[in-house]
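J.: Next come a sequence and a model predicted from it.
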Amino acid sequence: MQRPKYLNQLINSQWNGFPKIITGIRRCGKSFLLKEIFFNYLVSSGTMPGSIIILDLDDAKNSKYRNPQALNSLILELTKDKTKKFYIFLDEIQRVYTIINPELTNGQIILAKNDDTEVISFVDVILGLSHEKNIDLYATGSNSKMLSSDIVTEFRDKATEIHMAPLSFKEYYEYEKTKSEKNPEKQEIFYEYMHHGGMPLAVLKNEDEKENYLKNLFSTTYLKDIIERKKLRKTESLDELCTILADCTGELLNAEKIANTFQSKKHVKIDKDTVTSYISAFLDAFIITEVKRYDLKGRNYINSTRKYYFCDTGLRNARLDFMYSDEGHLLETIVYNELIYNGYNVNVGSFDSVEKNEDGKSIRKSYEIDFMATKGNKKIYLQIADDISNSETKKREIRPFILMNDQIKKVIVINRPINERIDENGFTIVGVVDFLLNLERM
């Protein structure tokens, strides 16, 4: 299973003077990218295997190198021949513990507490080694300490972040097409992806195994990481809130609305600050993504509500025991994730329009465009629909496009296998599979 986008990012960032920090949700393939895909690329390109130093810090035999000073000394020793260049792969870097600077402890190794300031951590080791001219350093991590979205901030913009996601639909489609002898239909592949998503290890399993694997990821991995990192006590509330976010995927939400939903469904009161803290934890772990509303006419962000999408539809469905199928919101999730994968900045478009009601009185109505996707100078408005064969449904979907009346490209993505066409208004109508597979030319 190849990951060409991320491999190219690694290739293009070689010897750029910065350490490469590979982040992303757990089990999305960070270690495999580095130790298999990138390693094989380097060797096939002429790099001697002996010039690639791989250190698995979760291996018990390497436990002594979880001491940051010991790790630093080891790498400097292995790369002391300054006439040679070395690639350093540090896997599970979060296993390196943080210590109080030994200069302040008479040389003793003492684990640092959260409020200690004079400390040595894996960040210091990575930044220090990256100054060595004969070292090109790469690091991955697999728990909340490394998964935090603010990890690169710790490096003070002195690192190159390569952020990985689960398999995009295009990656998943290419893999399924390659492995299958029956040449399955595109739409069939899409529906499987919609249901089980693109977590790499899940893709390799049969249906029953996929569902159990995805369900267990939350309890044994994701929630455990968040609880440890945030030192949370109300673990049941965290779990329930995750389920509510899954149930409300694609809906406009704020902390107050979520708190009210929590109380009505679970009959337990939870305050807005706690909701905000928990959502922040899910965002930091890359489980969900926050999409802001943008006033298309006022040209400013609307902070009252926003939408949340899971990074993977399989994970989202796992939170609902694969018993709740809302294809509209799943469709939105897949389109959103594919846009992000292809480098777009995405917001929910919103605007007000003054219109006449049945009595001839002027009223203000609010309209929404599912996504406003921007990439450089390129901008697209998108409406996502299950079907527009009904004239009333189509009228409702295109109404915001007509009211905007600007020169920005407008696309309606529908959950049907239809060929791309331009309607009488000049809007593009395309089936979701063709849209996802041909997004680069949209």
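T.: Structure's in. What do you need?

J.: When you work out contacts or count neighbours from here on, use the C-alpha atoms and nothing else.
T.: Noted.

J.: Which secondary structure element of the protein has the lowest mean pLDDT?
T.: The weakest-scoring helix or strand in the chain, judged by mean pLDDT, DSSP states H and E, is helix 144-147 (a mean of 59).

J.: got a list of what Ile408 touches?
T.: Residues in contact with Ile408 (CA atoms under 8 Å, 6 or more residues apart in numbering) are Lys379, Ile380, Tyr381.

J.: By neighbours, which of those wins?
T.: Tyr381 (22 neighbours; other CA atoms under 10 Å).

J.: and after whichever strand or helix holds it, which helix or strand comes next?
T.: Using DSSP states H and E, Tyr381 sits within strand 378-385. Sequence-wise, the next helix or strand downstream of strand 378-385 (DSSP H and E) is helix 391-404.

J.: elements contacting the helix or strand following that next one?
T.: Using DSSP H and E, the next helix or strand after helix 391-404 towards the C-terminus is strand 409-414. With contacts defined as 3 or more CA pairs under 8 Å, 6 or more residues apart in numbering; DSSP states H and E, the packing partners of strand 409-414 are strand 378-385, strand 428-431, helix 432-437.

J.: now the ones you listed as JSON lines including distance to Pro400?
T.: Converted to JSON lines, the helices and strands packed on strand 409-414 look like this (distance: least, CA to CA, whole Å):
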{"stretch": "strand 378-385", "distance to Pro400": "9"}
{"stretch": "strand 428-431", "distance to Pro400": "14"}
{"stretch": "helix 432-437", "distance to Pro400": "20"}
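
J.: wait, which of those is closest to Ser353?
T.: strand 378-385 (17.4 Å; CA to CA).

J.: Just the CA atoms from the closest one would do, formatted as PDB, please.
T.: The C-alpha coordinates for strand 378-385 follow below in PDB (Å, rounded to 0.1, in the frame of the first residue of the first chain):
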ATOM      1  CA  LYS A 378      -8.600  28.800  -7.200                       C
ATOM      2  CA  LYS A 379     -12.000  28.900  -5.500                       C
ATOM      3  CA  ILE A 380     -15.000  26.500  -5.800                       C
ATOM      4  CA  TYR A 381     -18.500  26.500  -4.200                       C
ATOM      5  CA  LEU A 382     -19.800  23.000  -3.600                       C
ATOM      6  CA  GLN A 383     -23.200  21.700  -2.800                       C
ATOM      7  CA  ILE A 384     -23.300  18.000  -1.700                       C
ATOM      8  CA  ALA A 385     -26.600  16.200  -2.400                       C
END
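
J.: and Ile226, that's in a helix?
T.: Yes. Counting by DSSP: H, G, I helix; E, B strand; the rest coil, Ile226 is found in a helix.

J.: and it, what does it touch?
T.: Ser144, Leu232, Ala281, Phe282, Ala285.

J.: partners of the longest strand anywhere in the chain in the sheet?
T.: Across the chain, the longest stretch assigned as strand under DSSP state E is strand 362-375. Strand 362-375 pairs in its sheet with strand 345-356 (antiparallel), strand 378-385 (antiparallel), by DSSP bridges.

J.: Out of the contacts of Ile408, which is nearest to Gly17?
T.: So of the contacts of Ile408, ranked by how close each gets to Gly17 (CA to CA), first place is Lys379, at 33.4 Å.

J.: partners of the closest residue to that closest one other than its chain neighbours in the sheet?
T.: Counting by CA to CA, 6 or more residues apart in numbering, the nearest residue to Lys379 once its immediate chain neighbours are dropped is Ala373, at 5.7 Å. Under DSSP bridges, the beta-bridge partners of Ala373 are Val346, Ile380.

J.: ok, so what distance separates Ala373 from Ser353?
T.: Ala373 is 22 Å from Ser353, where distance means CA to CA, to the nearest Å.

J.: likewise Pro417?
T.: 33 Å.

J.: do His267 as well
T.: For His267, the distance to Ser353 equals 39 Å [CA to CA].

J.: Next: Glu420.
T.: 30 Å.

J.: ditto for Cys242
T.: Taking CA to CA, one finds Cys242 at 35 Å from Ser353.
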